[in-house]
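Chemist: The sequence and its predicted three-dimensional model are supplied below.
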Amino acid sequence: MIRAARRRLLPAVAVAAVLLGAGLAFALTGRSPASRSPAATAPAPASPAGSGSLGQPQVPQVGLASVRWSGFYGVELPVSALAGPYDTSGGIAAGFAHTPLGALLAAVNIGVRANAQWGPRIFTTVIRGQVTGPDAAALLAGCQATYDQAAQSGQVTGGQPLGTVDVTEQAFRWIAYTPAAAILDLVSAGPGSNGATVRASVQMEAVWDGGDWKVIAPPGGDWGNSAAGLSSLAGYTVFPGQGGGR
């Protein structure tokens, strides 16, 4: 379990840092992400290079009995002895089962780490090794620019993380799954103004590539382009132990 002693989030960091799409930024600032079309209308996953036909996408039933929680700079992330991640050395999370649960856990764990908040030692390694797609380079460049600006304003040196956060990875909803690719919506929640809970849903895509799940970079390298505000968890599956009303 990784904990950081500092829980400092400067306003610039709170606005700029992105955790699973707009989840962190909007949860911390209380702003609402721009709305997008309902997840049910999302297209089937695109075929990764060299994978051939995906076959018929399905909406899987995933057992969550093996899911436990591991702390990562203030965020509790789901892990499973059955489905991964099997390697969490150096702040990364790699090695996921070739199953729907493995894809789900990969989307959460990789998506959380692929943002500027944790510093270049983590986000550079994660994006270069575990994020794919035409916008991966833009995601890396955006994270670096955001980190550089926030680190300067917050007087953070040596590539250290910008601080811990108060965000819950609360729920998910499947859009489509095949053994080659998966699409799902993930819900982040955090405290808003006047004690209210603010939620954002971000659509994630993962592909089975090179013997592990990888996450497809968001359009334009900006997680906010895949995010939407969320007022209700109806239709979503809440992760065990995360409740529904935080």
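Modeler: Perfect, I can see it now. From a predicted model like this one, the values you see are computed outputs, not experimental measurements. Residues are numbered from 1 along each chain as shown.

Chemist: in stretch 56-76, what counts as buried?
Modeler: Neighbour-count burial for stretch 56-76, counted by 16 or more other Cβ atoms under 10 Å, picks out Pro57, Pro60, Val62, Leu64, Val67, Trp69, Phe72, Tyr73, Gly74, Val75, Glu76. Backbone N, C-alpha and C define where each C-beta goes, glycine included.

Chemist: quick one: contacts for the second one?
Modeler: Spelled out, it's Pro60. Applying Cβ atoms under 8 Å, 6 or more residues apart in numbering, we find Pro60 in contact with Pro100, Trp174, Tyr177.

Chemist: For the first one, give its distance to Val62.
Modeler: Read it as Pro100. Between Pro100 and Val62 the distance, using Cβ to Cβ, to the nearest Å, works out to 5 Å.

Chemist: thinking again about what came up before, ChimeraX command to pick out the buried ones of the contacts of Pro60?
Modeler: In ChimeraX, this line selects whichever of those come out buried by 16+ other Cβ under 10 Å:
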select :100,174,177
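
Chemist: Out of the contacts of Pro60, the closest to Ala137 would be?
Modeler: Checking the contacts of Pro60 against Ala137 with Cβ to Cβ, the nearest one is Tyr177 at 27.1 Å.

Chemist: What helices and strands are in contact with the longest strand anywhere in the chain?
Modeler: What stands out as the longest strand in the chain, according to DSSP state E, is strand 197-209. The contact analysis (3 or more Cβ pairs under 8 Å, 6 or more residues apart in numbering; DSSP states H and E) places strand 197-209 against helix 23-29, helix 100-113, strand 168-177, strand 181-191, strand 212-216, strand 227-230.

Chemist: lowest-confidence stretch among those?
Modeler: Ranked on mean pLDDT, the bottom entry among the helices and strands packed on strand 197-209 is helix 23-29, at a mean of 41.

Chemist: where in this protein is pLDDT low?
Modeler: Applying pLDDT under 70 to the chain flags the ranges 1-55, 243-246.

Chemist: quick one, longest helix in it?
Modeler: Selection of the longest helix in the chain by residue count, based on DSSP state H, yields helix 136-154.

Chemist: can I get the CA coordinates of it in PDB?
Modeler: Backbone C-alpha positions of helix 136-154 (Å, rounded to 0.1, in the frame of the first residue of the first chain) are rendered in PDB as follows:
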ATOM      1  CA  ALA A 136      -0.900   8.300 -26.700                       C
ATOM      2  CA  ALA A 137       1.900  10.800 -27.600                       C
ATOM      3  CA  ALA A 138      -0.500  13.700 -27.000                       C
ATOM      4  CA  LEU A 139      -1.500  12.200 -23.600                       C
ATOM      5  CA  LEU A 140       2.100  12.000 -22.500                       C
ATOM      6  CA  ALA A 141       2.900  15.500 -23.700                       C
ATOM      7  CA  GLY A 142      -0.200  16.900 -22.000                       C
ATOM      8  CA  CYS A 143       0.700  15.200 -18.700                       C
ATOM      9  CA  GLN A 144       4.200  16.600 -18.800                       C
ATOM     10  CA  ALA A 145       3.100  20.100 -19.600                       C
ATOM     11  CA  THR A 146       0.500  20.000 -16.800                       C
ATOM     12  CA  TYR A 147       3.000  18.500 -14.300                       C
ATOM     13  CA  ASP A 148       5.600  21.100 -15.200                       C
ATOM     14  CA  GLN A 149       3.200  24.000 -14.600                       C
ATOM     15  CA  ALA A 150       1.700  22.600 -11.400                       C
ATOM     16  CA  ALA A 151       5.100  21.600 -10.000                       C
ATOM     17  CA  GLN A 152       6.500  25.100 -10.600                       C
ATOM     18  CA  SER A 153       3.500  26.800  -9.000                       C
ATOM     19  CA  GLY A 154       3.500  24.400  -6.100                       C
END
